[in-house]
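Peer 1: Sequence first, then the predicted structure, then my questions.
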Amino acid sequence: MTAVVSAGVDSSAESRAAAGWAAWEAVLRDARLRLVHVEEWPLPLAVAVPTIDRADHRRWADDLLDGVGDAVRQEHPGLRVETRRLSGRPAAALAVEASEEEVELLVLGSRGLGTVSGVLMGSVGMAAVGAARTPVVLVREHGTVPGGDVVVGTDLGEPQDAVLGFAFAEAERRGCTLRAIHGWTLPVALKTEVARNVTEELHAELLPWRRAHPSVTVVERPVMGAADTVLIHEAAGAELVVVGRRERRSPLAPHIGHVAHAVIHHCSSPVAVIAHP
């Protein structure tokens, strides 16, 4: 079964950037690209137009998918591209799409700073990130930095296999450096001793992955400071930022975690969110 990279598509510039990023990722993975538009009907009041019926909206959605598909085919002539129009609540539909066995990655357009564009407006994109067990990448309109590093945030107190496995594989595909960042805070009086311990723990955590991916150049960066602030600073100019989120739900909404939440909203580079136990 050929793997699929799936990209959410709407009328926004951010979603078109996401489709372009997803197309390149599909090429790197030798995968198919699936462009997905979620039809939410009736339309939300903010965008509803009384003279547009459901058939009109479906024709518009199909034309949109065809147009984006033609653009990525022109950019990547050998890429296998398919389109899919879904109906339902966007976050739920995207999470179901991402759960299909062949889908390795879901890519969405993001404005950051608290909003996700188009049909993913407001909390929908964040809900999709929190609900999907498949890795989700959020892409800004002008956020791609070709030739940069892959940056991964590490939490030495959490399971790391899914996060580090994804980050090492992405760095290997791109032939670029992987920078592993760990932010830590403690009283200044303990700084020297604890810094030495954190450095050793980070090295030990990464060692099996270094051995499994010997072609990847790795830079280990334990930095004193709040994890979210450190990671956002270190991610400047990255080609891709990788961060984990715990697979758990709060009573009110899917849980993402404050570090992943901050990185999604404040990093200009594409951000991959990887669910882990």
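Peer 2: Sure, I can see it.

Peer 1: in stretch 82-99, what's buried?
Peer 2: T83, L86, P90, A91, A93, L94, A95, E97, A98 (16 or more other CB atoms under 10 Å). C-beta here means a position set from N, CA and C on the backbone, and glycine is covered the same way.

Peer 1: same thing with stretch 26-45?
Peer 2: Those would be 26-27, 29, 31-40, for stretch 26-45 by 16+ other CB under 10 Å.

Peer 1: In CSV: those residues, plus distance to S268.
Peer 2: Putting these into CSV (distance: CB to CB, whole Å) gives the following:
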residue, distance to S268
A26, 23
V27, 23
R29, 24
A31, 26
R32, 28
L33, 24
R34, 26
L35, 24
V36, 25
H37, 26
V38, 26
E39, 30
E40, 28
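
Peer 1: start to end distance for stretch 257-276?
Peer 2: Start and end residues of stretch 257-276 are separated by 12 Å (CA to CA, to the nearest Å).

Peer 1: wait, stretch 36-55
Peer 2: First residue to last in stretch 36-55 (CA to CA) measures 18 Å.

Peer 1: got the contact list for D62?
Peer 2: T83, R85 (CB atoms under 8 Å, 6 or more residues apart in numbering).

Peer 1: doesn't it fall inside a helix?
Peer 2: Yes - membership of D62 in a helix is supported by DSSP: H, G, I helix; E, B strand; the rest coil.

Peer 1: helix/strand/coil for the most centrally placed residue in the chain?
Peer 2: The centre of the chain sits closest to V137, judged by CA atoms, centre = their mean, with a distance of 1.5 Å. At V137 the chain is in strand, as set by three-state DSSP.

Peer 1: State the distance from it to L65.
Peer 2: V137 sits 19 Å away from L65, going by CB to CB, to the nearest Å.

Peer 1: got it, and R210?
Peer 2: Where L65 is concerned, R210 sits at a distance of 42 Å (CB to CB).

Peer 1: higher neighbour count, those two?
Peer 2: Per other CB atoms under 10 Å, whichever of R210 and L65 has more neighbours is L65, with 20 against 16.

Peer 1: For that one, which residues are in contact?
Peer 2: Counted by CB under 8 Å, 6+ apart, L65 has contacts V9, L35, H37, T83, R84, R85.

Peer 1: Which one of these is nearest to G257?
Peer 2: V9 (27.3 Å; CB to CB).

Peer 1: Go ahead and confirm that closest one touches V38.
Peer 2: No - applying CB atoms under 8 Å as the test, V9 and V38 come out as separate, 9.1 Å apart.
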